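Chemist: quick one, fold the following:
(2 chains)
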Amino acid sequence: MRMRLFLLGGLLTAVASLTQTAGASDAEALQARLKALPFKIAYESYVNGNWEIFVMNADGSHPVNLTKTPDLNEHYPQVSPDGTRMCFVADKGEGRDAVRSLYVMDVDGKHRKKIADYAREPFWSPDGKVIGYLDQEFPKFNVIDYYTKGMNFYDLETGKISPHPNYTNLHHLYNPNFCANGKWIVSTVHAGMGFDHTILLIEAHGNKIIDLKIPGCRPRFSPDGKQIAWGSSDNEISAGPIDTDSDDPKMGAWRVHIKDDKNKIYHSRWSPDGQFLGFSRGPDGEGDVSKPGTFQAACEIMGVYAPGWNIGVVPAQQEGVIDLEQTTNADFTMLTTNGLSDKESAWFLPRKK
Amino acid sequence: MIRKLPLLGLLASLSLLCSCGKSGSEEQGQDKPASPGVAASAALPTSPFDLVTKSGVEMVYLPGGEFMMGSSQGNADEGPAHKVKIGAFAMDKCTVTHEMFTKVQLPNPSHWQDNPKKPVERVRWRDAKQYCNERSLLEGLKPCYNEKTTDWDCDYSANGYRLPTEAEWEYACRAGTDGPYDFGAPDKLRQYAWFVDNADEKTHPVGQKKPNLWGLFDMYGNVSEWCEDVYSPTYYQESAAVDPHGPPSPGKDVKRVMRGGSWKASADMCRATFRQGQRTGDTDACFYTDFCGFRCVRRVTAEELPPLKANSK
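Modeler: Numbering: from 1, shown residues only, chains lettered A, B, ... in the order given. Okay, the predicted model is just below:
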C-alpha cells in the first residue's frame, strides 16, 4: 500500500511539473505543482481564542476547521500512513491545572475518541495499527516539550496499551516517530537518559539506543525511512540519509536544506511522496499569556502562542541551501499567511476508512 | 494511571529530602551573629536563626538591617558603594536541588543528573519563578508571581516564595561583614565554595562546604543564583535606599542579575559584590547555561514568625 501511495504521489508530481504553462513564472510553477497534488495538510492554528486543527489543500487553499471545540485546545495532528485517521492531543483547562489527552479521529474529523490522559507526542506505527505516545512526567501540567517519561503503544484494534520494553529508561523525549520498516523510533531527548540534548534512535521493540550525534531537535523520518529531516538550529532545517535496515544505523552526509536568518523555522514534515518539506516559520517570541489556552515558553513549543507563524513548503530534493530571506518564490512558498500561530503541519493523502 | 500523591505524604517526603548541609550542624537551632544594622521591626528577632518550612525546606531567618552594598574597589558595575536598608526575610539555606525541583512536579533541566542533592542548573529565570510559585502553593502560601503578566510581576507583599532581590542576596552573602568574602582572606575560599580551582568542572551536592556566618551554604560558587532584578551596570548610581528592587524592565532582551559565581567561576567572580547580567533564556528551548541555579526567599512578619519557628528544629 505504501509503495502504491508513493508511486501515485510521484506520478502526480511529475504530471504537475510537465503541465507547467510556458511563460509562467517560477513561482506560479511551484504553485501549480502544489495545486496539482492530491495531498492535504493538517496543522494547528489559534483562532477565536482557541487552538484548533485545520486541514487545507497542498497549495494552502480551502482550510477547514476539523475540531471546533471551544472548551478544548487541539494540537499536534499526526496522520496515519494510510491517510484515514488522525491522532492528536488536546488540552483541557488552564495553567498548571490543564490536562493534555491523546485522541484519534477520522481525517474528516468524525468518530473522535479519547485514548489516554496525561499523554503527549503521539506517533503512528508504519502499519497504522498502533499509536505510540509518551506519558507526561508528572500530573501537574507543564508546557515544556520534554516533560515526558516512558513510551506506550496503543493498539487501535484491541484498545490495549503496552509499555515500550525500555519504558523505565526513556525520559525527557519529545517528537518521536517511526521509520518505515518499524525497527526504529527517532526522537529528541533533553536533559534525560544521560544526555544533554541530542537526537536518538530508539529500538522500537528492544533496548538499544543510538545517539545520532547531530545538532538540534525534532527529527522526522521521510516516508520511505531513508532520510531524516530536523531542525539543526532555530533557523535551519537539515536533512540527511540513514540506513534504518541496519542494526547500527548512522547518519550519512547531511546538509542544511533550508535557512532563515530572520525567522525561526521548525517542525519539518515530509510530503507523502517525499518531494516536499513543510515547516513552520515565524518570529522569535515567548507567547502571550493574555490568550486563553496558551502558555509562556519558546514560541515553537506546542501550546505557546506564536504570532506571525505560518506553514511553508520547499521542494525536498533541491540542491543547495534554500535561504528563505534571499530566495525567490520559485524555491518556496508560504501556504498560510494569517499568522495565527500556524504550526505542526502533517502532510497526507486522504482516504476513507 | 497516574495518581496524585497524598499531600501529607509529599510534605513528609519533602521534609526528609530538603535537609541541606551537614546533619547535626552546630549552627542548627542556635542564633547566629547579629545583623549590624537596624531591625525592620522591633517585634522581629535581631539575630539570624534556622527555620524549617511547612514542606520541610531549611531556611535561615535574616533580620532586617542596613549595609553598604557594592564596592568602590571592584568592577565598574559594583560602584558606587551605597547604603541600603533591608527588611527581615528568610532565605533558603542551600540552592534548590534536583529533588526539590522535581518534588513540585517540574522537569529537571540539569546537565549533571547523577545526584539528586546537586543544585538544579540550566534553569531559565521564569522556571525559577515557577518553582517559587509551586512551592508557595504546596505550602498554602500566596504565590508572589503573577503568571498572567509577561515578566511574571512580583507581588512583594505576598507571603509566598520568590527570588531574592539583588540587595537581599548581597546582604545575606555579606552576613554583616564588609569585605569581598564574609570569611575573610581569599585563600580560604576552597573551604566555602566549589569554584574553578576545585570543582573539577562540575556541580557538587549542596551543603558540603562551610556555610557563611549566617548559616547559608554555597553562597559562593557551585551554581550562580538568579535574582529578581533587571541587570543594569549603572543601577547603583540611582538605586533606592530601602529594599531596592532593581531598575524597571526595558522589555525585550532583558538581562537579569546572577550572583555568587559557580563551579566555573574564578575566585574573583565569587566575591560578594560581583555582579553578572544573564539573559533569562525564556525564549530558548535549549537553555544550555549549566551554571544557572537559584534559591528562594520569603518575607517574614511578626505575625508569620511563630508558625515558622514552630516548624524549626
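
Chemist: how many neighbours does the closest residue in space to residue B:183 that isn't next to it in sequence have?
Modeler: Using Cβ to Cβ, 6 or more residues apart in numbering or on different chains and skipping residues adjacent in sequence, the residue nearest residue B:183 is residue B:192, 5.8 Å away. (Glycine included, C-beta is placed from N, CA and C.) Applying other Cβ atoms under 10 Å in any protein chain shown, we find 20 residues neighbouring residue B:192.

Chemist: pretty sure residue B:192 sits against residue B:216.
Modeler: No. Contact status for residue B:192 versus residue B:216: not in contact, 10.3 Å apart, counting by Cβ atoms under 8 Å.

Chemist: what does the stretch 1-150 of chain A put close to chain B?
Modeler: Residues of the stretch 1-150 of chain A lying close to chain B (Cβ under 8 Å from any Cβ of the partner chain) are A:95-96, A:117-118, A:135-140, A:142, A:144-147.

Chemist: now whichever residue of chain A sits closest to chain B, nearest residue through space, not along the chain?
Modeler: With Cβ to the nearest Cβ as the measure, residue A:138 is the residue of chain A nearest to chain B, at 3.6 Å. Spatial nearest neighbour of residue A:138, chain neighbours left out: residue B:105 (3.6 Å); criterion: Cβ to Cβ, 6+ apart.

Chemist: that neighbour and residue B:133: what is the separation?
Modeler: 12 Å (Cβ to Cβ, to the nearest Å).

Chemist: so between those two, which is more surrounded?
Modeler: Using other Cβ under 10 Å, the more surrounded residue of residue B:105 and residue B:133 is residue B:133, with 23 against 20.

Chemist: doesn't residue B:171 belong to a strand?
Modeler: No. Assessed with DSSP: H, G, I helix; E, B strand; the rest coil, residue B:171 is helix; it does not lie in a strand.

Chemist: with adjacent residues omitted, what lies nearest to it?
Modeler: Using Cβ to Cβ, 6+ apart, the nearest residue to residue B:171 is residue B:86, at 4.8 Å.

Chemist: what about the one you found, neighbour count?
Modeler: 25.

Chemist: can you verify my assumption that it contacts residue B:66?
Modeler: Yes. Checked against Cβ under 8 Å, the pair residue B:86 and residue B:66 is within contact range at 7.5 Å.

Chemist: contact partners for the closest residue to residue A:283 other than its chain neighbours?
Modeler: Closest residue in space to residue A:283, ignoring its immediate chain neighbours: residue A:308 at 5.0 Å, by Cβ to Cβ, 6+ apart. The contact partners of residue A:308, by Cβ atoms under 8 Å, 6 or more residues apart in numbering or on different chains, come to A:282-283, A:339.

Chemist: got these as JSON lines, with distance to residue A:187 and pLDDT columns?
Modeler: Output for the contacts of residue A:308, formatted as JSON lines (distance: Cβ to Cβ, whole Å; pLDDT from 0 to 100):
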{"residue": "A:282", "distance to residue A:187": "24", "pLDDT": "98"}
{"residue": "A:283", "distance to residue A:187": "27", "pLDDT": "97"}
{"residue": "A:339", "distance to residue A:187": "30", "pLDDT": "97"}
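
Chemist: low-confidence ranges, the stretch 1-150 of chain B, go.
Modeler: B:1-42 (pLDDT under 70).

Chemist: who in it is up against chain A?
Modeler: B:1-4, B:102, B:104-111, B:113, B:122, B:126, B:134, B:147-150.

Chemist: now which of those would you call buried?
Modeler: Buried residues within the residues of the stretch 1-150 of chain B next to chain A, counting neighbours by 16 or more other Cβ atoms under 10 Å in any protein chain shown: B:102, B:104-111, B:113, B:122, B:126, B:134, B:147, B:150.

Chemist: what's the farthest-apart pair in these?
Modeler: B:113 and B:150 (30.9 Å; Cβ to Cβ).

Chemist: now residue A:158, what's its secondary structure?
Modeler: coil.

Chemist: next, count neighbours for it.
Modeler: Quick note: residue A:158 (other Cβ under 10 Å) scores 9 neighbours.

Chemist: ditto for residue B:153
Modeler: A count of nearby residues for residue B:153, using other Cβ under 10 Å, gives 13.

Chemist: residue contacts, the nearest residue to it once chain neighbours are set aside?
Modeler: Among residues not flanking residue B:153 along the chain, residue B:146 sits closest, at 4.9 Å (Cβ to Cβ, 6+ apart). Residue B:146 is in contact with B:152-155, counting by Cβ under 8 Å, 6+ apart.

Chemist: out of these, which are inside helices?
Modeler: Using DSSP state H, no member of the contacts of residue B:146 sits in helices.

Chemist: return the closest of those with respect to chain A.
Modeler: Looking across those and measuring by Cβ to the nearest Cβ, the closest to chain A is residue B:152, at 8.1 Å.
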